[in-house]
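>>> quick one: sequence plus predicted model below, questions after.
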Amino acid sequence: MRIESRFTLSLAFCLCLGLAISAYISFQLESRQARDEVKQKADMLLETGLAIRAYTSEEVGPALQSLQGGTGFNVQQVPSFSAQNAIHRLAKKYPEYQYREPSLNPTNVKDRANDWEVGLIREFQAKDKLGELSGEIGVSGDGRFYVARPIRLSNPACLQCHSVPSAAPAPMVAQYGPVNGFGWKLGEVVALQVVEVPSQAAHDKALRSVLVTVGSLACVFVLSAAVFLLLLRRHVTYPLERLTQAAHSISVDGAHAQQPAFAVKEAGQFSELHEAIIRLRASMDSALKRIAAFSKQDDDAGQ
């Protein structure tokens, strides 16, 4: 196998191995960055919901109660209603972002938890110290990243509306009925904050970044290999072929046969080796002539 072929195969192997390692590392880093980016968007939406809930509970609710003498009921003073409706308005412009506060026993039946949300609520109820769950849902191509946090009943004032129907405001019972949203207990997980944000776009962006990185490295590797093989051909294999031809010519035709010319500046050590072979051939010819002369003298003396 020629030297160029051996070096080409070695460089191709190193290229493939290097690209595979680079692609794996780049994909891991880009995937982690994409996940962090999606998680940050979900956290911002959750914090927005928390801020609306806090504002409603601390500002809007007391203001409405004072206007009605503490006996009225307006759905706008419910933190869950305010948070969900405010973010639903935002979802009209960004429909791929979703925010819900599902419950196993909601006052409004529209907030009843679906199958996978029920599983999240049960897990929060079983683990008191668990503060957040996150993961991927949906099929490939339509994947969504979710973040869920528990809503625990920590304010005793909430029991006025969620303990028994007789203690709840009459307008609330008239609007939602006496069946749903009652029997809550202090300290238990009664609902969730769930945010869903699209994740496929971030994954596609990460994949494109990996392809650009690997493509750039491949271009650099291929260009470097081409330059290396060109220099190898010019300064190593081509002079070596010339030198082989010269050695063959000397061994067959003798020291005075026409020799291929070498350019010292291009060939370097090969030119010196060529000259050394010529000198060695001349020395051998001279030695052979002397041996032949001595043999002839011995024959003459014997006669």
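Structure's in. What do you need? Numbers count the residues shown, from 1 in each chain.

>>> tell me the SS of residue 195?
Classification of residue 195 by DSSP: H, G, I helix; E, B strand; the rest coil places it in strand.

>>> quick check: it touching residue 40?
No - taking contacts as Cβ atoms under 8 Å, residue 195 lies outside contact range of residue 40: 11.5 Å. All C-beta spots, glycine's among them, are computed from the backbone N, C-alpha and C.

>>> for these two, indicate the residue with more neighbours.
The residue with more neighbours, out of residue 195 and residue 40, is residue 195; 25 against 11, by other Cβ atoms under 10 Å.

>>> what sits opposite the more buried one in the beta ladder?
Residue 195 has these beta-bridge partners by DSSP bridges: residue 99, residue 147.

>>> list the contacts of it.
Counting by Cβ atoms under 8 Å, 6 or more residues apart in numbering, residue 195 makes contact with 42, 45-46, 49, 97-99, 146-148.

>>> try 6 Å
Neighbouring residues of residue 195 by Cβ atoms under 6 Å, 6 or more residues apart in numbering: 42, 45-46, 99, 147.

>>> which residues in the chain form strands?
Taking DSSP state E as the test, the strands found in the chain are 98-100, 133-137, 144-152, 189-198.

>>> what's the burial count for residue 229?
Per other Cβ under 10 Å, the neighbour tally for residue 229 reads 16.

>>> mind checking how far it is from residue 162?
Separation of residue 229 from residue 162 (Cβ to Cβ, to the nearest Å) stands at 78 Å.

>>> any weak-confidence spans in the stretch 1-150 of the chain?
Residue ranges of the stretch 1-150 of the chain with pLDDT under 70: 1, 68-72, 139-141.

>>> cool, and the stretch 151-300 of the chain?
Applying pLDDT under 70 to the stretch 151-300 of the chain picks out residues 246-274, 278, 298-300.

>>> one step back: closest to residue 178 out of the contacts of residue 195?
For the contacts of residue 195, the minimum distance to residue 178 (Cβ to Cβ) is 28.3 Å, reached by residue 99.

>>> so residue 52 is in contact with residue 86, correct?
Yes - between residue 52 and residue 86 there is a contact under Cβ atoms under 6 Å: 5.1 Å.

>>> now render the contacts of residue 195 as a markdown table, adding neighbour count and distance to residue 82.
A markdown table is the format used below for those (neighbours: other Cβ atoms under 10 Å; distance: Cβ to Cβ, whole Å):
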| residue | neighbour count | distance to residue 82 |
| --- | --- | --- |
| 42 | 23 | 20 |
| 45 | 22 | 15 |
| 46 | 19 | 15 |
| 99 | 22 | 12 |
| 147 | 20 | 20 |
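
>>> out of those, flag the one nearest to residue 2.
residue 42 (58.9 Å).

>>> I figured that closest one was touching residue 146, is that so?
No - in this structure, residue 42 is not within contact of residue 146 by Cβ under 6 Å, at 7.3 Å.

>>> give the contact list for residue 97.
91, 197.

>>> give me the phi and psi for it.
With angles defined as degrees, to the nearest 10, residue 97 sits at phi -100, psi 130.

>>> and the contacts of residue 195, which is closest to residue 11?
Looking across the contacts of residue 195 and measuring by Cβ to Cβ, the closest to residue 11 is residue 42, at 45.7 Å.

>>> how close does that closest one sit to residue 245?
Residue 42 sits 73 Å away from residue 245, going by Cβ to Cβ.

>>> okay, the contacts of residue 195 in a markdown table with distance to residue 218 next?
Shown next, in a markdown table, are those (distance: Cβ to Cβ, whole Å):
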| residue | distance to residue 218 |
| --- | --- |
| 42 | 35 |
| 45 | 39 |
| 46 | 41 |
| 99 | 43 |
| 147 | 38 |
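
>>> closest to residue 5 out of these?
Residue 5 lies nearest to residue 42 out of the contacts of residue 195, by Cβ to Cβ, at 54.7 Å.

>>> ok, now how distant is the nearest residue to the closest one once chain neighbours are set aside from residue 41?
Ranked by Cβ to Cβ, 6 or more residues apart in numbering and with sequence neighbours excluded, the top spatial neighbour of residue 42 is residue 147, at 4.2 Å. According to Cβ to Cβ, residue 147 stands 9 Å off from residue 41.

>>> same thing with residue 143?
Distance from residue 143 to residue 41, by Cβ to Cβ: 14 Å.
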